[in-house]
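Peer 1: Predicted model and sequence follow; I will ask about them next.
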Amino acid sequence: MTITLTGVTKQFGAFKAVDNVSLSAGERDFVVLLGPSGSGKSTLLRMIAGLEDVSSGTIEIGGRRVDQMEPVERNIAFVFQTYALYPHMTVRRNIAFPLIMQRARGWHHLPFIGSIFKRRIERMPEVRERVESVARSIGLDEMLERHPRTLSGGQRQRVAVGRALVRNPTIFLMDEPLSNLDAQLRVEMRAQITRLFGQLGKTFVYVTHDQVEAMTMATLVVVLDHGQVQQIGTPREIYEHPANEFVARFIGNPPMNIFVGRRRGDRIAIDDGGPVLALPEHVRRQTADGAVLHVGARPEDVLVTPGSSGAGTAATVSAIERLGPETLVGIVFGENWQRRYGETSVEDFARLGGYSTLKPGDRIEVRFNEDRLSFFSPETGQSYSAPATIQSATAEALP
Amino acid sequence: MTGRRVGGVARTVAIVVMVGLTIFPIYWMLVTATTDTSRLFLDAPDLLPNFGHLAAFAAALDDTALLLWLLNSAIIAVGTTVLTIATAWFAAYALSRYRFRGRGAFGLALFATQFLPEVFLLVPIYGLFLTFGLLNRLEGLMIVNAAFVVPVATWLLKTAIDAVPREIEEAARVDGAPRLAIQISIVAPLVLPSLAAVSVIAFFHAWDEFVFALTFISKADLRPASVGIASFVGELTTPLDVIMAASLIYVLPTLIFAVFAQRYVIGGLVAGSVKG
Amino acid sequence: MQSNERAINREAWFGIAPAVLLLAAVQGYPILRGIYLSFTNTSLLSPNRSTFVGLRNFTALFNLDSFQITMVKTLVYATGSVIGAVVLGLAAALVMNGAFPGRRLVRAMILVPWATPQVAVALVFVWIFNADYGVLNYALSSIGLIDGGVLWLNDPDLAMGSVLLVTIWKIFPFSALVLLAALQSVPASLEEAARIDGARGFAVLTEITLPGIRRTILVLVLFLSIWSLRRFELIWLLTQGGPVRATNTLVVDLYRQGFVNAHLGRAAAIGVVGFLASILITIVYYYVEQRSARRAGEA
């Protein structure tokens, strides 16, 4: 099912937790809502689920307007951060619960008396088969009679997914479902959710603050900050063509290095005493000579060579982090290059492939991959967008 | 959406009705105390307090022994509180921190006291106090009241001490503080809300207590307020508005506690029950 | 190692000694003495002269029609006050759960009955219930529900109901606040999950919320039951067990036998029956708790 949000806003008093968000996701999109804590991503997800009222704007699922409907009428599934398994029910009853609710009459909910009828529903062939096939598909068929408290974190997470699957919903909503797992299990479950997405072929909306999850799972990333959409795009677009400085610094680890530059004719001079680099044609068209720009370079676009042959700008290694397949190099530029960006001295990073033998204090030379730099307006923080990415670069534009 | 808003209105109405019924008897005490006796026995009673008529309060303080009774109650209540804290604190600390022989039995004994009807114990305690000369003594009532509060107090304090990390005490031990000093100068300040809760519970248990005082105190000038005010019933000389004024003065401290101390007391009390 | 253990025992016993002493003197000894008295024909007039009479007090009790009435009245009083306090307390807790303006004030107000001393409660309710000039009769007759003076406390058919009304008014705040704390410990996400899974209002309450506070309800019922068997002052001050035994619960009967009829032996026997009833309730509680804990996978 497609999801279309138009001008969705959530207001708590004067505070806008979600501010005029519009986006649309296709039939088989894995949408990741990504942002720091307090960015409104969870609130937005809860509004799609119907757990939170919409202050203004509309939500459509499959072309049907749902924002005034009860959660169950929207036919969605929701996996909670804490899983929200019912502690007093077995795994079987937890998974069967949505089916029992579909079939139960009002008086079946009475305490004591109702339990007989609920057990009868649980034993109906179509319910039992559905529950057991879901349990088999996520490897829980051995644990159906156990209670949640006797399960491990990963098993609980799977029960939560099972309960989401059983009703055959049109859309899956997940609120940081992996954040309570340890690092190794997180990688495993990430792969499992991706596989599930491939098998089901349904729309997923997934909230996280973890950019690795966003980059690895999403077909469409929505970056949020202060309740506002910063950028909507594929993981690659977000990484390679950040729409503004927030996205540039938020995505990528270590974040994008940012310098202050001044346009000099067709080129741009970095800081005071830094190199003078090429300025792409589309940026030249949008700026005047002498304009001040912010220039961003991903760590892998900062090229480092040992020694001081004069081919690049002289600098010193300040720190080394060897991660195995790659090495992060902290850089301090020479005396005559005054860094101008940021209030305090910002450390810049380069990313080298493999295991580097550099050590702190080593003299190095720095050059840039000049055709892969990003340029931002210092006033608005917005990127001077390249023609190829213009469609996904701004908050208002829908992909 | 609208359904939820109607729910809000229904809830407001429910809260207003609930609070209204809850405080009505106290309100009615106030109305009766501020109504002239001549207007109390009408077919249609006055429904609002008349703050111009406060004579009953003056009469309650001047014409009855109310002040003396309140003083007795206060003495008994303070004594009960001190005795309760002094007894329950060390027991609670031992229960929380030591795995000693007899710990289970002691815990069970505390729980078992909840089963005993006070009235059942009235006669044997009467006999005991007769032997030890504790009848017609305020100290006697302090002892009885403390004995009924100590189990609850011990349990509440134990729960609170359980929540204090042992590391804090161990750090103090490493620094060379003696055990008793640790209990009193390190642990006690950390469970101050629970100590406050226990004090309030002990104080108002004694303030409220009636049947032991009725049975053990026969001298009129040693009566606490509960017995004194109950004695208005049946004797026909004290006017109703004065009775209600006296009751209101007697109730007032407990109401003030209800409004101001509720956060601590309920916190402590509820923590104990929910976990228990 | 062993001396260490001995030191711990000694320190611990120093700590609990005052409490043990106090409880032994004012609870332990009296209960044993009380049990002993129940097998004697001791009189209030000469409490230190007693003759052992075996089970005669108990056989006499169970042959009395009046004692059977007392048992029934006790059962009605206990059941009524527990159900009333739990149901009303739950309703109040559900209404108070969540944020609303004036929340702290409401919680303080709801405590008023619990804080009010029993003597004052009895006095004001006797006046409210007054047949001729009481405000209750005035209110009910002015909206046309009753016609003329109802004898709330003096009509044998109504007295128990009236006493229960006062009792529930007095004790429901306690259960409301205990249940409110329990409700707030049920994670909001469970109720949200249930709404997504298709449970609506009432179903969320009975399928998710109530099972979530099951243990608290059980403990609450246990304590309210035991306390209702113990409660004396309120009933005594309202009706003295009357009219015609209509509100004569065990403890009221005990007091009457001992201090009005001066028959301490028989009074003690009634006390023993009440004590046994409390223990029975506790055993039932443990059985229910264990069984439902096993069913909920907690055992």
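Peer 2: Structure's in. What do you need?

Peer 1: C-alpha from now on. contacts and neighbour counts both.
Peer 2: OK.

Peer 1: Sketch out the helices for the stretch 1-150 of chain B, chain order is fine.
Peer 2: Listed from the start of the chain, the stretch 1-150 of chain B has helices (DSSP state H, counting those that start in this stretch) covering B:2-33, B:55-63, B:66-97, B:103-112, B:118-132, B:138-162.

Peer 1: Now render those as a markdown table, adding mean pLDDT and mean neighbour count.
Peer 2: What follows is the helices of the stretch 1-150 of chain B, written out as a markdown table (pLDDT from 0 to 100; neighbours: other C-alpha atoms under 10 Å in any protein chain shown):
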| stretch | mean pLDDT | mean neighbour count |
| --- | --- | --- |
| helix B:2-33 | 82 | 16 |
| helix B:55-63 | 82 | 17 |
| helix B:66-97 | 92 | 22 |
| helix B:103-112 | 83 | 15 |
| helix B:118-132 | 85 | 19 |
| helix B:138-162 | 90 | 24 |
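
Peer 1: what about residue 92, how many neighbours?
Peer 2: Went with chain A since none was named. With neighbours defined by other C-alpha atoms under 10 Å in any protein chain shown, the count for residue A:92 comes to 23.

Peer 1: meant chain C actually
Peer 2: 23.

Peer 1: hmm, back to that, dump the helices of the stretch 1-150 of chain B into CSV; add distance to residue C:181 as well.
Peer 2: Formatted as CSV, the helices of the stretch 1-150 of chain B follow (distance: least, C-alpha to C-alpha, whole Å):
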stretch, distance to residue C:181
helix B:2-33, 17
helix B:55-63, 39
helix B:66-97, 24
helix B:103-112, 22
helix B:118-132, 29
helix B:138-162, 16
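
Peer 1: For residue C:185, which of those is the nearest?
Peer 2: With respect to residue C:185, and counting by C-alpha to C-alpha, the nearest of the helices of the stretch 1-150 of chain B is helix B:138-162 at 17.6 Å.

Peer 1: which is the next helix or strand following that closest one?
Peer 2: helix B:166-174 (DSSP states H and E).

Peer 1: Next, the angle helix B:66-97 makes with that following helix.
Peer 2: With axes from the mean of the first three to the mean of the last three C-alpha atoms, to 10 degrees as the basis, helix B:166-174 and helix B:66-97 are set at 90 degrees to each other.

Peer 1: same for helix B:166-174, what does it pack against?
Peer 2: If contacts are counted by 3 or more C-alpha pairs under 8 Å, 6 or more residues apart in numbering or on different chains; DSSP states H and E, helix B:166-174 sits against no helix or strand.

Peer 1: Report how many residues lie close to residue 129.
Peer 2: Since you didn't name a chain, this refers to chain A. Residues within reach of residue A:129, counting by other C-alpha under 10 Å, total 13.

Peer 1: I was after chain C.
Peer 2: Burial of residue C:129, expressed as a neighbour count using other C-alpha under 10 Å, amounts to 21.

Peer 1: Identify the residues contacting it.
Peer 2: Residues touching residue C:129, when contacts are defined by C-alpha atoms under 8 Å, 6 or more residues apart in numbering or on different chains, comprise C:135-137, C:151-153.

Peer 1: the domain parsing of chain A - what is it?
Peer 2: Residue ranges for the domains of chain A, per automatic domain parsing: A:3-240, A:255-382.

Peer 1: Need the distance between the two termini of the longest one.
Peer 2: Read that as domain A:3-240. Between the opening and closing residues of domain A:3-240 lies a distance of 26 Å (C-alpha to C-alpha, to the nearest Å).

Peer 1: One more: the shortest one?
Peer 2: Distance between the two ends of domain A:255-382: 17 Å, counting by C-alpha to C-alpha.

Peer 1: next one: that domain to chain centre, how far?
Peer 2: Mean C-alpha position of domain A:255-382 versus that of the full chain (C-alpha atoms, centre = their mean, to the nearest Å) differs by 26 Å.

Peer 1: Now do residue C:10 against residue B:96, distance only.
Peer 2: Counting by C-alpha to C-alpha, the separation of residue C:10 from residue B:96 is 15 Å.

Peer 1: what does residue A:301 give?
Peer 2: When C-alpha to C-alpha is applied, the distance between residue A:301 and residue B:96 equals 62 Å.

Peer 1: and the stretch 151-299 of chain C, which of its residues are near chain B?
Peer 2: Taking C-alpha under 8 Å from any C-alpha of the partner chain as the contact definition, the stretch 151-299 of chain C meets chain B at C:169, C:177-178, C:181-182, C:216, C:219-220, C:226-227, C:229-233, C:237, C:251, C:254-255, C:264, C:267-268, C:271, C:274-275, C:278-279.

Peer 1: Filter the residues you listed down to the buried ones, ChimeraX style.
Peer 2: Listed next is the ChimeraX selection for buried residues among those, using 16 or more other C-alpha atoms under 10 Å in any protein chain shown:
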select /C:169,177,178,181,182,216,219,220,226,227,229,230,231,232,233,237,251,254,255,264,267,268,271,274,275,278
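
Peer 1: and residue C:75, which of the helices of the stretch 1-150 of chain B is closest to it?
Peer 2: Nearest to residue C:75 among these is helix B:118-132 (18.1 Å), distances taken as C-alpha to C-alpha.

Peer 1: Check which helices and strands the closest one sits against.
Peer 2: helix B:211-216, helix C:29-37, helix C:250-255, helix C:264-295.

Peer 1: and the angle from the last one to helix B:103-112?
Peer 2: So that's helix C:264-295. Going by the same axes, to 10 degrees, helix C:264-295 makes 110 degrees with helix B:103-112.

Peer 1: now do the second one
Peer 2: Here helix C:29-37 points in a direction 70 degrees away from that of helix B:103-112 (the same axes, to 10 degrees).

Peer 1: anything in the following helix or strand past helix C:29-37 near chain B?
Peer 2: Counting by DSSP H and E, the element after helix C:29-37 in chain order, helix or strand, is helix C:56-63. No: with C-alpha under 8 Å from any C-alpha as the measure, helix C:56-63 is seen stopping short of chain B, the closest distance being 15.1 Å.

Peer 1: List the buried residues of helix C:56-63.
Peer 2: For helix C:56-63, burial by neighbour count (16+ other C-alpha under 10 Å) applies to C:56-58, C:61.

Peer 1: Check stretch C:186-205 too.
Peer 2: Taking 16+ other C-alpha under 10 Å as the basis for neighbour counts, the residues of stretch C:186-205 that come out buried are C:186, C:189-200, C:203-205.

Peer 1: Ok, stretch A:96-107 next?
Peer 2: Residues of stretch A:96-107 classed as buried under the neighbour-count rule (16+ other C-alpha under 10 Å) are A:96-101, A:104.

Peer 1: same question, stretch A:111-131
Peer 2: A:114, A:117-118, A:121-122, A:127-128, A:130-131.

Peer 1: quick one: that stretch to chain centroid distance?
Peer 2: In terms of C-alpha atoms, centre = their mean, the centre of stretch A:111-131 is set 39 Å apart from its chain centre.

Peer 1: now the end-to-end length of it.
Peer 2: Stretch A:111-131: ends 24 Å apart by C-alpha to C-alpha.

Peer 1: Quickly check: that stretch near chain C or not.
Peer 2: Yes: under the criterion of C-alpha under 8 Å from any C-alpha, chain C is reached by stretch A:111-131 at residue A:111.
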